[in-house]
Structure formats: structure tokens, C-alpha cells
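Colleague: below are the sequence and a predicted model for it; my questions follow.
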Amino acid sequence: MERILDPVDPRSSEYYIPHHAVFRPESTATPLRFIFNASANSSNGVSLNSILLNGGTVQPELFSIISRFKTYKYAFSADIQKMYRQISVDELDRNLHRILWKPNQFAPVETYRLRTVTYGTTCAPFLATRALAALAEEEQSEFPQAAATLLTDVCVDDILGGSNNLEETKALQHQLQQCENTFNAVASNIGWRQPLGLSGPLITSAKIFLQRLWLQKLNWNDIVPPNDLNDWLKFLKDLPAVNKLEIPRCAIITNSVTIDLHCFCDASNKAYGAVLYLCSKNESGEVQTNILCSKSRVCPIKATTTPRLELSAALLLDRLVSKVISFIQIPINHIYMWSDSTIALAWIKTPHEKLKSYVSNRVKTINTLCPNFDWRHENSADNPADLISRGTSATNLVNNSLWFHGPTFIKSDICFPVETIELNNNEFLNEVTTSCESVLICNSSNE
């Protein structure tokens, strides 16, 4: 920041950003942080944030970045040091970033203005990420690997990079460190990031509990009823068990020659969900199966039939798989879609024109989004998505092989369950439209 000797500048508009300090004694890295509130209204009733545009999203979404991170054999994480403070604000706009400051309690109040992007302004994330993308594009001829990573594997200031070759990974890390002056970044804090959805059943349990409170029409400040509170405290007491989880970062076996994607969905009367597994085989015939990601939804408050919920789970799975295969950078030999609902599968394999509107719309979306998916039936006992549709405790999840590796039959198509589709069930027939033929008979006469 820079000091302003003459606070009055008739050539430009001015805005003073309120700020305060936040003390975190337990933090060794940032025990003291400053918070800037650019949403505070000025004397004319207008705040800086109210007149700024957010600029939109530049970087890929976090879900795709983390899912791709799981496919690398060798990986690292790093952060861009003081990212916002590395980007200058145009001098014409700096008077909108003024602050009042005094170096100590006895000194007079002085006027300063911030010269770099300020955390707390609406456009700050866009300015920082767009500047990073522009620098990556400009310098990609000199730093091709680093530029590619900064364009595809960065979320705000966090880098999740890697490859399937150790030397390439080292070269990538070296490029990121060498281009420090260009990208204003320092690759550091090599560590592990937890992928999204790996503790899906725990998240489902929390979602179900929250919906239970909503159904009681509790306000945010209302006291939780004793029975509900006891259940929540039990959940929290058990939660530290997740610290025992040991999940392989790379979901693919070394020197894999074939990779299949097995995808499961299920629904209960409380929630429905989907979970994906990568099944990879190497030249020696060894097979490895690992969870890739999962997603869940609580059931709508309005009651509906179980087969309809199973169809909603199938639609959720279809969308999740479509999303994953759009960005995952590995060859997938085959995609298997598994459900334990014979009725939902029968609907999916029926032309949507023959079904009633609710089911027809969802079946049409499923078959339009990814028309070549291989939908199959499997037993409920072997369905890992059953866990995410019902929720479970941390203790039960920690050593649950079905959740983290899927059912054993996915290791070989010889062991696949026998196909079972139910076409005469009343639940199925209730959603099939009935048609009748009408014949118009005309009698003509010369009279």
C-alpha cells in the first residue's frame, strides 16, 4: 500500500474500505490476519462491492480437478504464495481501495490506498485467476508443462498436479518453481488433498439429520429437541474415527492395460446416491478396484414411490458419470451402470414415449445424455450405493471394503450377476401409458 499525503483528489471517486484484525494464536503461519469489508455502505448508501461485477468463473470446477488428481500415479500439491498481493490494481482505480491506518495507538490516523488486489472485493477472485490464466497462456512456449497445469489443475491459488511418469512429475514441479518470476508463485507445501465424496455415507447421515430438523420447522436459533440432540452428539462423538481412514491416492494399478468404470446407484426412503469405481488390470492379470467419487441427495419431502426414487438415483448416476468422463484423461474400456431396481431398469430400457410424463422425462434424459451406457442389474447386498442412500457411522465406514473397493464381482465379467428385468410388476405397469385404437366409420349416400 502507499500513503496519500493529500486525501482530497477531485479527479477521481473515493471509497474507504473498513478493516479489522482477526487473531489466531494457535496458527503458526498466520496468527494475525486483516479482513477487508468492501460490502460496507459509504455515506451515500453505496458500497464498493455493489458496483463491481464478479467477472465469472475462469478456472475448472474443483470436482473435476480433484477427480483428475486421483488418476495420477505421481502427484503433488502446492500453493501460489500471496496470490492476490502479487497482482497490481490500475492506478486509476486505487482511490477506491483507500483505508485509514496508524502504525501504533499513539500515532495520528493516516490515509493509505491499496495497490494490489484486495481480498474481500467482489471481483478479487476473478482478477487473480484471470491474471494467472493470462500469464500461463503468454508463457506456455517457455514453460509448456507448467502452463498446462496452471490452466487445468488450479483452484484459486491451490495447485493439484501430477502425471503417470515420475520424471515428468519432477520436471513439472521444477518448471513451476523456475517460473516464479513470471507467475509470481512459489510451489510449496507438498502434501495430500482429500478427494470429494469419499466419505459420502457420512455426508448422507448429516443431510438426513438436517432434513429431520427442517421437517420440525425449527428456526436457526431454536433449541434442538433432546432426542435429536442425543443422536447428533453420538454422530459427532463417532466422527473422529475417520482419522483412521487410509485411502490410496492413485485409483489405478501400476502399468494398467485395461480400465473399466463401474457405477452404482441406489435409493432409500431417506436419500439416494451414486458411487463410481475404477477397475484396472495390469499385464500380469492383477486387478485393482478403487472408489473414484460419489454424490448423494436427500429425498424430497413430498412422498413418492421407491421405484421413482430409484429412477432419480439412476438419473443422478447418469449425470455424475457423464461429468466424470468429460474431463478424465484416461482411456476407459467399458462403462457399466449398476442398479438393484428391476423396475427402474425396465423403465430405462423402455422407449420413453410409452411411459407417463414423470418417468418419461427422466428416462428420456438418461438415454439422451449418454445413450450407449450399459445398464445392468445386481443384488442389493452387493450394491455399495446402498451405504450412501442410507448413511452410516464413521466407525462402520472406516474398514468397509464394499464402499472403498466395490463388490468383488466387478473384478471379472465372468462373475457378473445374471440379468433380471421385471416387466410385469404393477409398479412398472402403472407408469406405462395405455393406448386404444379409434375407428371412424363414415356412411356416404347419394341422397
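Modeller: It's in. Numbering: from 1, shown residues only.
Colleague: does Phe63 really touch Lys323, like I thought?
Modeller: Yes. Between Phe63 and Lys323 there is a contact at 7.4 Å, judged by CB atoms under 8 Å. No exception for glycine: its C-beta is placed from N, CA and C like everyone else's.
Colleague: can you give the domain ranges for this structure?
Modeller: 2-184, 199-429 (the TED database).
Colleague: which element is Gln177 on?
Modeller: Per DSSP states H and E, Gln177 falls inside helix 166-178.
Colleague: give me the average confidence score over that helix.
Modeller: Helix 166-178 carries an average pLDDT of 84.
Colleague: mind saving the C-alpha coords of that helix as CSV?
Modeller: Extracted in CSV, the C-alpha atoms of helix 166-178 (Å, rounded to 0.1, in the frame of the first residue of the first chain):
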residue,chain,number,x,y,z
LEU,A,166,8.0,-39.8,-12.2
GLU,A,167,10.4,-37.9,-14.3
GLU,A,168,7.6,-35.9,-15.9
THR,A,169,6.2,-35.0,-12.5
LYS,A,170,9.6,-33.8,-11.3
ALA,A,171,10.0,-31.8,-14.5
LEU,A,172,6.6,-30.2,-13.9
GLN,A,173,7.4,-29.3,-10.3
HIS,A,174,10.8,-27.9,-11.5
GLN,A,175,9.1,-25.7,-14.1
LEU,A,176,6.6,-24.4,-11.6
GLN,A,177,9.5,-23.4,-9.3
GLN,A,178,11.6,-22.0,-12.1
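Colleague: buried stuff in it?
Modeller: Thr169, Leu172, Gln173, Gln175, Leu176 (16 or more other CB atoms under 10 Å).
Colleague: measure the closest residue to the second one other than its chain neighbours to Thr129 for me?
Modeller: The shortest distance from Leu172 to any residue that is not its chain neighbour, by CB to CB, 6 or more residues apart in numbering, is 4.6 Å, and that residue is Gln145. Summarising the geometry, the distance separating Gln145 from Thr129, computed by CB to CB, to the nearest Å, is 20 Å.
Colleague: before we move on, back to that, what's next to the helix or strand where the residue nearest to Leu172 lies, contact-wise?
Modeller: Assigned by DSSP H and E, Gln145 belongs to helix 144-152. Residues from elsewhere that reach helix 144-152, judged by CB atoms under 8 Å, 6 or more residues apart in numbering: 60, 65, 68, 132-133, 135-137, 139-140, 159, 161, 168, 171-172, 175-176, 178-179, 183.
Colleague: SS state for Ile259?
Modeller: Following DSSP: H, G, I helix; E, B strand; the rest coil, we place Ile259 in the strand state.
Colleague: so who does it touch?
Modeller: Per CB under 8 Å, 6+ apart, neighbours of Ile259: Ile252, Leu278, Cys279, Ser280, Lys281, Ile330, Pro331, Ile332, Asn333.
Colleague: highest neighbour count among those?
Modeller: Leu278 (27 neighbours; other CB atoms under 10 Å).
Colleague: so which helix or strand takes in it?
Modeller: strand 271-282.
Colleague: ditto for Ala136
Modeller: helix 124-138.
Colleague: which residues in the protein form helices?
Modeller: For the chain, the helices defined by DSSP state H cover 62-69, 124-138, 144-152, 166-178, 180-183, 200-215, 226-238, 306-327, 342-348, 357-369, 385-390, 394-398, 401-405, 426-429.
Colleague: wait, Gln211 touches Arg297, no?
Modeller: No. The pair Gln211 / Arg297 is not scored as a contact, 10.6 Å apart, by CB under 8 Å.
Colleague: picking that back up, packing partners for the helix holding Gln177?
Modeller: strand 74-79, helix 144-152, strand 158-163 (3 or more CB pairs under 8 Å, 6 or more residues apart in numbering; DSSP states H and E).
Colleague: neighbours around the nearest residue to Leu52 once chain neighbours are set aside, how many?
Modeller: Setting aside the residues directly before and after it, Leu52 is nearest to Thr122 in space (CB to CB, 6+ apart), at 4.3 Å. Other residues lying near Thr122 total 17 when counted by other CB under 10 Å.
Colleague: wait, Thr122 touches Ser47, no?
Modeller: No. Between Thr122 and Ser47 there is no contact, the gap being 9.5 Å when judged by CB under 8 Å.
Colleague: what touches both of the two?
Modeller: Joint contacts of Thr122 and Ser47 (CB under 8 Å, 6+ apart) are Ala38.
Colleague: what's the pLDDT at Leu429?
Modeller: pLDDT, read off for Leu429, is 62.
Colleague: in terms of mean pLDDT, which of the helices of the chain ranks lowest?
Modeller: It's helix 180-183: among these, that one has the lowest mean pLDDT, namely a mean of 36.
Colleague: quick one, the strand holding Leu278 and helix 306-327 angle?
Modeller: Relative orientation of strand 271-282 versus helix 306-327 (axes from the mean of the first three to the mean of the last three CA atoms, to 10 degrees): 40 degrees.
Colleague: neighbouring strands for strand 271-282, and are they parallel or not?
Modeller: Partners of strand 271-282 in the sheet, by DSSP bridges, are strand 256-267 (antiparallel), strand 287-298 (antiparallel).
Colleague: and the angle for the last one with helix 62-69?
Modeller: What it means is strand 287-298. Using the same axes, to 10 degrees, strand 287-298 lies at 170 degrees relative to helix 62-69.
Colleague: buried ones in strand 287-298?
Modeller: Residues of strand 287-298 classed as buried: Val287, Gln288, Thr289, Asn290, Ile291, Leu292, Cys293, Ser294, Lys295, Ser296, Arg297, Val298 (neighbour count, 16+ other CB under 10 Å).
Colleague: swap in the first one?
Modeller: Under the neighbour-count criterion of 16+ other CB under 10 Å, strand 256-267 has Ser256, Ile259, Asp260, Leu261, His262, Cys263, Phe264, Cys265, Asp266, Ala267 buried.
Colleague: ok, now how distant is the residue positioned nearest the centre of the chain from Cys293?
Modeller: The residue lying closest to the centre of the chain (CA atoms, centre = their mean) is Phe63, at 3.5 Å. Going from Phe63 to Cys293 by CB to CB gives 8 Å.
Colleague: next one: Thr395
Modeller: Separation of Thr395 from Cys293 (CB to CB) stands at 23 Å.
Colleague: try Phe36
Modeller: 36 Å.
Colleague: got the phi and psi for Ser47?
Modeller: phi -100, psi 160 (degrees, to the nearest 10).
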